[in-house]
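Asks: Have a look at this prediction, sequence included:
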Protein chains: 2
Amino acid sequence: MRIGELAARTGVSVRALRYYEEQGLLDAERSTGGQRHYPENAVDRVRLIQQLYAAGLASRAIVELLHCVVDGNATPELLARLASERDRIDGRIAELTGARDRLDSVVTGAAANLRTGRPCPARAGAGTTGAGARRRETGPTG
Amino acid sequence: MRIGELAARTGVSVRALRYYEEQGLLDAERSTGGQRHYPENAVDRVRLIQQLYAAGLASRAIVELLHCVVDGNATPELLARLASERDRIDGRIAELTGARDRLDSVVTGAAANLRTGRPCPARAGAGTTGAGARRRETGPTG
DNA sequence: CTAAAACCTGACGTCGACGTGAGAGGCAAG
DNA sequence: CTTGCCTCTCACGTCGACGTCAGGTTTTAG
(Lines give C-alpha, C1' and ligand atoms only; values in the text may rest on other atoms or scores of the structure.)
Protein backbone atom coordinates (compact mmCIF):
# COMPACT_ATOMS: atom_id res chain seq x y z
CA MET A 1 0.00 0.00 0.00
CA ARG A 2 1.06 3.60 -0.36
CA ILE A 3 1.74 6.05 2.40
CA GLY A 4 -1.71 7.60 2.46
CA GLU A 5 -3.42 4.31 3.04
CA LEU A 6 -0.96 3.32 5.72
CA ALA A 7 -1.58 6.64 7.40
CA ALA A 8 -5.33 6.12 7.24
CA ARG A 9 -5.13 2.58 8.56
CA THR A 10 -2.83 3.42 11.44
CA GLY A 11 -4.21 6.81 12.31
CA VAL A 12 -0.87 8.52 12.15
CA SER A 13 -0.06 11.32 9.76
CA VAL A 14 1.77 10.96 6.49
CA ARG A 15 4.38 13.30 7.84
CA ALA A 16 4.90 11.06 10.83
CA LEU A 17 5.42 8.02 8.60
CA ARG A 18 8.07 9.84 6.63
CA TYR A 19 9.62 10.88 9.90
CA TYR A 20 9.71 7.27 11.06
CA GLU A 21 11.54 6.31 7.90
CA GLU A 22 13.95 9.18 8.41
CA GLN A 23 14.66 7.83 11.89
CA GLY A 24 15.21 4.33 10.62
CA LEU A 25 12.09 2.97 12.26
CA LEU A 26 10.25 2.03 9.11
CA ASP A 27 11.46 1.17 5.66
CA ALA A 28 9.60 1.08 2.39
CA GLU A 29 10.12 -0.15 -1.11
CA ARG A 30 10.06 2.50 -3.76
CA SER A 31 8.19 2.44 -7.01
CA THR A 32 9.93 3.57 -10.20
CA GLY A 33 8.43 6.97 -9.59
CA GLY A 34 9.94 7.13 -6.14
CA GLN A 35 6.78 6.55 -4.18
CA ARG A 36 6.83 4.48 -1.03
CA HIS A 37 5.12 1.12 -0.93
CA TYR A 38 4.54 -0.74 2.30
CA PRO A 39 3.71 -4.36 2.99
CA GLU A 40 0.74 -5.34 5.13
CA ASN A 41 2.76 -5.84 8.26
CA ALA A 42 3.79 -2.20 8.20
CA VAL A 43 0.47 -1.50 9.88
CA ASP A 44 1.46 -3.52 12.90
CA ARG A 45 4.91 -2.07 12.84
CA VAL A 46 3.59 1.45 12.94
CA ARG A 47 1.30 0.57 15.80
CA LEU A 48 4.21 -0.84 17.73
CA ILE A 49 6.19 2.31 17.09
CA GLN A 50 3.31 4.42 18.29
CA GLN A 51 2.95 2.38 21.43
CA LEU A 52 6.61 2.74 22.23
CA TYR A 53 6.52 6.46 21.56
CA ALA A 54 3.53 6.71 23.83
CA ALA A 55 5.53 4.94 26.47
CA GLY A 56 8.07 7.71 26.35
CA LEU A 57 10.81 5.88 24.50
CA ALA A 58 12.90 8.04 22.21
CA SER A 59 13.26 7.12 18.56
CA ARG A 60 16.82 6.05 19.14
CA ALA A 61 15.74 3.50 21.71
CA ILE A 62 12.97 2.30 19.44
CA VAL A 63 15.42 1.82 16.60
CA GLU A 64 17.54 -0.47 18.68
CA LEU A 65 14.54 -2.35 19.95
CA LEU A 66 13.31 -2.88 16.43
CA HIS A 67 16.70 -4.09 15.33
CA CYS A 68 16.32 -6.69 18.01
CA VAL A 69 12.77 -7.60 17.16
CA VAL A 70 13.19 -7.61 13.42
CA ASP A 71 16.80 -8.55 12.80
CA GLY A 72 17.31 -10.67 15.85
CA ASN A 73 20.36 -8.73 16.95
CA ALA A 74 20.24 -8.46 20.69
CA THR A 75 23.30 -7.71 22.74
CA PRO A 76 23.38 -7.89 26.53
CA GLU A 77 23.96 -4.13 26.55
CA LEU A 78 20.81 -3.54 24.54
CA LEU A 79 18.87 -5.81 26.81
CA ALA A 80 20.13 -3.89 29.79
CA ARG A 81 19.03 -0.64 28.22
CA LEU A 82 15.62 -1.97 27.40
CA ALA A 83 15.26 -3.34 30.89
CA SER A 84 16.15 0.07 32.24
CA GLU A 85 13.58 1.63 29.95
CA ARG A 86 11.10 -0.81 31.36
CA ASP A 87 11.95 0.27 34.86
CA ARG A 88 11.58 3.88 33.88
CA ILE A 89 8.13 3.16 32.58
CA ASP A 90 7.34 1.48 35.86
CA GLY A 91 8.51 4.57 37.65
CA ARG A 92 6.35 6.74 35.47
CA ILE A 93 3.36 4.60 36.21
CA ALA A 94 3.99 5.06 39.90
CA GLU A 95 4.35 8.81 39.43
CA LEU A 96 1.15 9.01 37.49
CA THR A 97 -0.71 6.93 40.00
CA GLY A 98 0.42 9.19 42.80
CA ALA A 99 -0.49 12.31 40.89
CA ARG A 100 -3.84 10.89 39.93
CA ASP A 101 -4.64 10.16 43.55
CA ARG A 102 -3.59 13.64 44.49
CA LEU A 103 -5.69 15.17 41.79
CA ASP A 104 -8.52 12.95 42.86
CA SER A 105 -8.44 14.21 46.38
CA VAL A 106 -8.40 17.78 45.17
CA VAL A 107 -11.35 17.22 42.91
CA THR A 108 -13.28 15.35 45.55
CA GLY A 109 -12.60 18.02 48.11
CA ALA A 110 -13.52 20.81 45.74
CA ALA A 111 -16.73 19.07 44.77
CA ALA A 112 -17.59 18.82 48.44
CA ASN A 113 -16.94 22.54 48.72
CA LEU A 114 -19.35 23.27 45.95
CA ARG A 115 -22.00 21.40 47.84
CA THR A 116 -21.23 22.89 51.22
CA GLY A 117 -20.39 26.33 49.90
CA ARG A 118 -17.26 26.41 51.98
CA PRO A 119 -13.78 27.33 50.88
CA CYS A 120 -11.31 24.70 49.78
CA PRO A 121 -10.52 22.01 52.32
CA ALA A 122 -6.88 22.76 51.73
CA ARG A 123 -7.43 25.92 53.72
CA ALA A 124 -9.73 24.35 56.22
CA GLY A 125 -6.96 21.94 56.99
CA ALA A 126 -5.62 18.93 55.15
CA GLY A 127 -7.10 16.77 52.50
CA THR A 128 -10.33 14.93 52.63
CA THR A 129 -8.65 11.73 51.56
CA GLY A 130 -5.41 12.49 53.26
CA ALA A 131 -3.50 11.95 50.05
CA GLY A 132 -1.03 14.65 50.88
CA ALA A 133 -3.41 17.53 50.66
CA ARG A 134 -1.86 19.27 53.58
CA ARG A 135 -1.30 22.38 51.58
CA ARG A 136 -2.02 24.65 54.48
CA GLU A 137 -1.64 28.12 53.12
CA THR A 138 -1.00 29.73 56.46
CA GLY A 139 -0.02 32.75 54.53
CA PRO A 140 -0.89 36.20 53.37
CA THR A 141 -4.20 37.48 52.15
CA GLY A 142 -7.18 35.80 53.44
CA MET B 1 14.00 31.81 52.29
CA ARG B 2 15.57 32.98 49.06
CA ILE B 3 15.35 31.29 45.72
CA GLY B 4 18.59 29.37 45.99
CA GLU B 5 17.56 27.67 49.17
CA LEU B 6 14.14 26.84 47.84
CA ALA B 7 15.77 25.33 44.79
CA ALA B 8 18.11 23.27 46.92
CA ARG B 9 15.33 22.07 49.17
CA THR B 10 13.00 21.10 46.38
CA GLY B 11 15.54 19.83 43.92
CA VAL B 12 14.32 22.02 41.09
CA SER B 13 16.46 24.61 39.40
CA VAL B 14 16.40 28.31 40.15
CA ARG B 15 15.40 28.87 36.59
CA ALA B 16 12.43 26.57 37.01
CA LEU B 17 11.27 28.46 40.09
CA ARG B 18 11.35 31.74 38.20
CA TYR B 19 9.49 30.03 35.41
CA TYR B 20 6.80 28.90 37.83
CA GLU B 21 6.35 32.44 38.99
CA GLU B 22 6.17 33.61 35.40
CA GLN B 23 3.41 31.08 34.84
CA GLY B 24 1.52 32.20 37.89
CA LEU B 25 2.14 28.97 39.78
CA LEU B 26 4.20 30.41 42.56
CA ASP B 27 4.39 33.86 44.05
CA ALA B 28 7.00 35.44 46.22
CA GLU B 29 7.44 38.50 48.32
CA ARG B 30 10.17 40.83 47.22
CA SER B 31 12.82 42.42 49.35
CA THR B 32 13.65 46.08 48.87
CA GLY B 33 16.42 44.96 46.58
CA GLY B 34 14.00 43.00 44.45
CA GLN B 35 14.99 39.56 45.61
CA ARG B 36 12.38 36.86 46.04
CA HIS B 37 11.56 35.57 49.47
CA TYR B 38 9.47 32.49 50.01
CA PRO B 39 7.64 31.17 53.05
CA GLU B 40 8.18 27.66 54.32
CA ASN B 41 5.13 26.21 52.62
CA ALA B 42 6.57 27.13 49.25
CA VAL B 43 8.52 23.90 49.50
CA ASP B 44 5.34 21.87 49.52
CA ARG B 45 3.86 24.03 46.84
CA VAL B 46 6.78 23.44 44.53
CA ARG B 47 6.59 19.72 45.14
CA LEU B 48 2.93 19.73 44.25
CA ILE B 49 3.71 21.62 41.08
CA GLN B 50 6.39 19.14 40.17
CA GLN B 51 4.08 16.24 40.76
CA LEU B 52 1.44 17.72 38.54
CA TYR B 53 3.96 18.49 35.83
CA ALA B 54 5.17 14.94 36.07
CA ALA B 55 1.61 13.82 35.58
CA GLY B 56 1.56 15.58 32.26
CA LEU B 57 -0.60 18.53 33.24
CA ALA B 58 0.23 21.74 31.45
CA SER B 59 1.03 24.83 33.45
CA ARG B 60 -2.30 26.34 32.54
CA ALA B 61 -4.17 23.44 34.08
CA ILE B 62 -1.99 23.61 37.14
CA VAL B 63 -2.71 27.29 37.54
CA GLU B 64 -6.41 26.63 37.67
CA LEU B 65 -5.99 23.75 40.03
CA LEU B 66 -3.92 25.87 42.35
CA HIS B 67 -6.50 28.62 42.28
CA CYS B 68 -8.90 26.01 43.54
CA VAL B 69 -6.59 24.63 46.16
CA VAL B 70 -5.30 27.93 47.41
CA ASP B 71 -8.07 30.41 46.85
CA GLY B 72 -10.97 28.05 47.16
CA ASN B 73 -12.41 29.07 43.83
CA ALA B 74 -13.82 25.98 42.20
CA THR B 75 -16.38 26.15 39.45
CA PRO B 76 -18.17 23.12 38.09
CA GLU B 77 -16.37 23.72 34.80
CA LEU B 78 -13.02 23.59 36.48
CA LEU B 79 -13.99 20.44 38.29
CA ALA B 80 -15.03 18.89 35.02
CA ARG B 81 -11.71 19.79 33.49
CA LEU B 82 -9.79 18.37 36.38
CA ALA B 83 -11.84 15.22 36.29
CA SER B 84 -11.07 14.91 32.61
CA GLU B 85 -7.40 15.40 33.36
CA ARG B 86 -7.72 12.65 35.85
CA ASP B 87 -9.20 10.37 33.27
CA ARG B 88 -6.42 11.25 30.88
CA ILE B 89 -3.91 10.25 33.49
CA ASP B 90 -5.77 7.00 33.90
CA GLY B 91 -5.55 6.48 30.18
CA ARG B 92 -1.85 7.19 30.22
CA ILE B 93 -1.36 4.68 32.95
CA ALA B 94 -3.12 2.09 30.86
CA GLU B 95 -0.99 2.99 27.84
CA LEU B 96 2.17 2.75 29.83
CA THR B 97 1.15 -0.53 31.34
CA GLY B 98 0.49 -1.97 27.92
CA ALA B 99 3.74 -0.68 26.53
CA ARG B 100 5.63 -1.98 29.51
CA ASP B 101 4.19 -5.44 29.05
CA ARG B 102 5.08 -5.29 25.41
CA LEU B 103 8.59 -4.20 26.13
CA ASP B 104 8.79 -6.89 28.74
CA SER B 105 7.90 -9.58 26.30
CA VAL B 106 10.47 -8.31 23.83
CA VAL B 107 13.18 -8.24 26.46
CA THR B 108 12.27 -11.64 27.79
CA GLY B 109 12.19 -13.12 24.33
CA ALA B 110 15.47 -11.54 23.35
CA ALA B 111 17.10 -12.77 26.54
CA ALA B 112 15.92 -16.24 25.67
CA ASN B 113 17.49 -15.79 22.24
CA LEU B 114 20.79 -14.94 23.77
CA ARG B 115 20.69 -18.16 25.72
CA THR B 116 19.53 -20.34 22.85
CA GLY B 117 21.54 -18.53 20.23
CA ARG B 118 18.53 -18.41 17.96
CA PRO B 119 17.25 -15.42 16.03
CA CYS B 120 14.46 -13.30 17.38
CA PRO B 121 11.15 -15.05 17.87
CA ALA B 122 9.56 -12.26 15.90
CA ARG B 123 11.19 -13.66 12.79
CA ALA B 124 10.49 -17.24 13.71
CA GLY B 125 6.79 -16.57 13.74
CA ALA B 126 6.82 -13.38 11.78
CA GLY B 127 4.57 -14.22 8.87
CA THR B 128 2.38 -11.21 8.44
CA THR B 129 3.06 -9.21 11.56
CA GLY B 130 6.79 -8.78 11.49
CA ALA B 131 7.08 -6.58 14.52
CA GLY B 132 4.84 -8.84 16.48
CA ALA B 133 1.35 -7.68 17.13
CA ARG B 134 0.95 -10.78 19.20
CA ARG B 135 2.59 -10.55 22.53
CA ARG B 136 2.53 -14.31 22.71
CA GLU B 137 6.07 -14.20 21.39
CA THR B 138 7.34 -14.17 24.93
CA GLY B 139 9.75 -16.95 25.59
CA PRO B 140 9.16 -19.84 27.94
CA THR B 141 11.24 -18.43 30.74
CA GLY B 142 10.21 -15.50 32.73
C1' DC C 1 -5.03 13.99 -23.68
C1' DT C 2 -6.31 16.89 -19.09
C1' DA C 3 -7.42 17.46 -14.35
C1' DA C 4 -7.20 16.14 -9.85
C1' DA C 5 -5.43 13.52 -6.25
C1' DA C 6 -1.76 11.72 -4.01
C1' DC C 7 2.99 11.80 -3.46
C1' DC C 8 7.86 13.62 -3.44
C1' DT C 9 11.86 16.42 -1.21
C1' DG C 10 13.48 20.12 1.40
C1' DA C 11 13.18 23.31 5.01
C1' DC C 12 11.38 26.40 8.39
C1' DG C 13 7.79 26.63 12.39
C1' DT C 14 5.80 24.89 16.78
C1' DC C 15 5.23 23.93 21.64
C1' DG C 16 6.65 23.38 26.55
C1' DA C 17 9.73 23.53 30.29
C1' DC C 18 13.22 24.93 31.06
C1' DG C 19 19.11 25.75 29.99
C1' DT C 20 22.36 29.17 29.43
C1' DG C 21 24.94 33.32 28.87
C1' DA C 22 25.24 38.44 29.44
C1' DG C 23 25.46 42.31 32.14
C1' DA C 24 24.06 44.52 36.40
C1' DG C 25 22.72 44.78 41.23
C1' DG C 26 21.92 43.04 46.26
C1' DC C 27 23.91 41.26 50.57
C1' DA C 28 26.84 39.65 54.46
C1' DA C 29 31.82 39.62 55.89
C1' DG C 30 36.28 41.66 56.64
C1' DC D 1 35.60 50.40 51.11
C1' DT D 2 36.29 45.63 48.63
C1' DT D 3 35.52 40.81 47.91
C1' DG D 4 32.65 37.19 46.59
C1' DC D 5 28.52 34.84 46.28
C1' DC D 6 23.79 35.14 45.28
C1' DT D 7 20.33 37.18 42.76
C1' DC D 8 18.10 40.10 39.19
C1' DT D 9 16.13 40.73 34.29
C1' DC D 10 16.24 39.98 29.48
C1' DA D 11 16.46 37.01 25.72
C1' DC D 12 18.06 33.50 22.67
C1' DG D 13 18.95 28.21 22.53
C1' DT D 14 17.35 23.35 23.05
C1' DC D 15 15.11 19.01 22.09
C1' DG D 16 11.68 15.78 20.00
C1' DA D 17 7.99 14.62 17.11
C1' DC D 18 6.04 16.18 14.16
C1' DG D 19 2.95 20.55 11.34
C1' DT D 20 2.98 23.17 7.40
C1' DC D 21 4.17 25.66 3.39
C1' DA D 22 6.43 25.66 -1.27
C1' DG D 23 7.23 23.84 -5.59
C1' DG D 24 7.57 19.93 -8.42
C1' DT D 25 6.44 14.81 -9.89
C1' DT D 26 3.69 10.47 -10.13
C1' DT D 27 -0.54 8.12 -10.29
C1' DT D 28 -5.39 7.76 -11.17
C1' DA D 29 -9.91 8.99 -13.12
C1' DG D 30 -12.37 10.43 -17.08
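Replies: Great, that's in hand.

Asks: Share the number of residues neighbouring residue A:84, please.
Replies: Around residue A:84 sit 11 other residues, with neighbours defined as other CB atoms under 10 Å in any protein chain shown. Where you see a C-beta, it was placed from the backbone N, CA and C, and this is true even at glycine.

Asks: Compute the inter-axis angle for the host helix or strand of it and helix B:76-116.
Replies: When secondary structure is defined by DSSP states H and E, residue A:84 falls within helix A:76-116. Using axes from the mean of the first three to the mean of the last three CA atoms, to 10 degrees, the interaxial angle of helix A:76-116 with respect to helix B:76-116 works out to 160 degrees.

Asks: what helices or strands is helix A:76-116 leaning on?
Replies: Helices and strands in packing contact with helix A:76-116 are listed as helix A:59-66, helix A:121-125, helix B:42-54, helix B:76-116; criterion 3 or more CB pairs under 8 Å, 6 or more residues apart in numbering or on different chains; DSSP states H and E.

Asks: try 6 Å this time
Replies: If you count contacts as 3 or more CB pairs under 6 Å, 6 or more residues apart in numbering or on different chains; DSSP states H and E, helix A:76-116 packs onto helix B:76-116.

Asks: The helix it packs on and DNA strand D, are they touching?
Replies: No - for a cut-off given as CB under 7 Å from any atom of the strand, helix B:76-116 has no contacts with DNA strand D; the smallest distance is 13.1 Å.

Asks: For DNA strand C, tell me whether that helix is touching it.
Replies: No - Helix B:76-116 lies out of reach of DNA strand C by CB under 7 Å from any atom of the strand, never closer than 12.3 Å.

Asks: Grab the nearest non-local neighbour of residue A:73.
Replies: residue A:67 (5.3 Å; CB to CB, 6 or more residues apart in numbering or on different chains).

Asks: tell me the mean pLDDT for stretch A:99-119?
Replies: The predicted model assigns stretch A:99-119 a mean pLDDT of 75.

Asks: same deal with stretch A:1-9?
Replies: Averaged over stretch A:1-9, pLDDT sits at 97.

Asks: Closest approach to DNA strand C from chain A, which residue is it?
Replies: Among residues of chain A, the one nearest DNA strand C by CB to the nearest atom of the strand turns out to be residue A:4. It sits 2.3 Å away.

Asks: what about that residue, how many neighbours?
Replies: Neighbouring residues of residue A:4 were enumerated by other CB under 10 Å; the total is 11.

Asks: what's the closest non-adjacent residue to it?
Replies: Ranked by CB to CB, 6+ apart and with sequence neighbours excluded, the top spatial neighbour of residue A:4 is residue A:14, at 6.3 Å.

Asks: okay but that neighbour is in contact with residue A:5, surely?
Replies: No - look at residue A:14 against residue A:5 with CB atoms under 6 Å: they stay out of range, at 10.2 Å.

Asks: Residue A:20 contacts residue A:27, doesn't it?
Replies: No - Residue A:20 is not in contact with residue A:27 according to CB under 6 Å; the separation is 9.3 Å.

Asks: Stretch A:65-72 and DNA strand D in contact?
Replies: No - contact of stretch A:65-72 with DNA strand D is not found when judged by CB under 7 Å from any atom of the strand; the minimum separation is 12.5 Å.

Asks: For residue A:94, the count of nearby residues, please.
Replies: Going by other CB under 10 Å, the residues that sit close to residue A:94 add up to 11.

Asks: number of nearby residues for residue A:86?
Replies: Count around residue A:86 with other CB under 10 Å applied: 19.
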